[in-house]
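In: how would this look folded up:
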Amino acid sequence: MKKEVVLRRGAHASMALAPLYYALPVNLPFLGIHRWSVVVAFFIAIMVFEAFRLWKGITFMGLRPHEKGQIASFAWAAAGITAVLWLCPHDIASAALIGMAFVDPLAGELRRAGVHDRVTLVSTLLIYFGLCIAVLLVWDMRSALESLLLSVVAAFLAVASERIKTPYIDDDFLMSVVPAAAMTGLALLW
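Out: Numbering: from 1, shown residues only. Sure thing, here's the model as predicted:
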């Protein structure tokens, strides 16, 4: 595997660490700010870097060729992480982000390896479902049945979102925001 692919996959998997945000105290005593300020600062820093990168036409290892003149997937991922951490319940945000962090690169690798599309689809559905329900059950904020139903819905929406290929919005954003929004909406109904 090429170095840039390994770098991209590793960066993607590291997004599973985003829920560690919830381990921060709500009020950060050493900075005197609320923890949501960390998310906003993260998002602003990524967007400023991305604007500068686009303005100067900068490329670097791990950036895909088609991203040279458009918003890169890491910026879309940052937007999705920020929205999900800020707007969704802790358990749902954690499940959506961990699922996206591992299933999106897995789907890409399976396609790159020439695995049959049906196998890729079923594999990614099952793995996303497994990650999602495990995270929801660990948080223990909902009944097992509710966690099961939310995980099924999230898995189908996440895998469907990953399959959308458009230059206007990246699947790194869609795979976190779409399932998280659906799970949050459904959770509000219960």
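In: state the next helix or strand along the chain beyond the helix or strand containing A155.
Out: Secondary-structure assignment from DSSP states H and E places A155 in helix 144-162. Per DSSP H and E, the first helix or strand lying C-terminal to helix 144-162 is helix 171-189.
In: all strands of this protein, in order?
Out: Ranges of strands in the chain, per DSSP state E, are 27-28, 33-34.
In: may I see those arranged in CSV, with distance to S94 and mean pLDDT as well?
Out: No exception for glycine: its C-beta is placed from N, CA and C like everyone else's. As requested, the strands of the chain are arranged in CSV below (distance: least, Cβ to Cβ, whole Å; pLDDT from 0 to 100):
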stretch, distance to S94, mean pLDDT
strand 27-28, 20, 87
strand 33-34, 19, 88
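In: for E109, which of those strands is the nearest?
Out: Ranking those by their distance to E109 (criterion: Cβ to Cβ) puts strand 27-28 first, at 37.3 Å.
In: so how far is that closest one from its chain's centroid?
Out: On the basis of Cα atoms, centre = their mean, to the nearest Å, the separation between the geometric centre of strand 27-28 and that of its chain is 25 Å.
In: partners of that strand in the sheet?
Out: Using DSSP bridges, strand 27-28 pairs in its sheet with strand 33-34 (antiparallel).
In: contact partners for L7?
Out: Contacts were defined as Cβ atoms under 8 Å, 6 or more residues apart in numbering; by that measure L7 touches 61-62.
In: which parts of the chain are helices?
Out: When secondary structure is read from DSSP state H, the chain shows helices at 3-14, 36-56, 73-87, 90-112, 117-139, 144-162, 171-189.
In: now do R112 against I169, distance only.
Out: Applying Cβ to Cβ, to the nearest Å, the value for R112 to I169 is 22 Å.
In: of the two, who's got more company?
Out: Counting neighbours by other Cβ atoms under 10 Å for R112 and for I169 shows that I169 has the greater number, 15 against 10.
In: ok, the closest residue to that one other than its chain neighbours - contacts?
Out: By the measure of Cβ to Cβ, 6 or more residues apart in numbering, the closest residue to I169 outside its immediate chain neighbours is W76, 6.9 Å from it. Shown here is W76, whose contacts under the criterion Cβ under 8 Å, 6+ apart are 169-170, 172-173.
In: cool, and S143?
Out: Not one residue lies near S143 by Cβ under 8 Å, 6+ apart.
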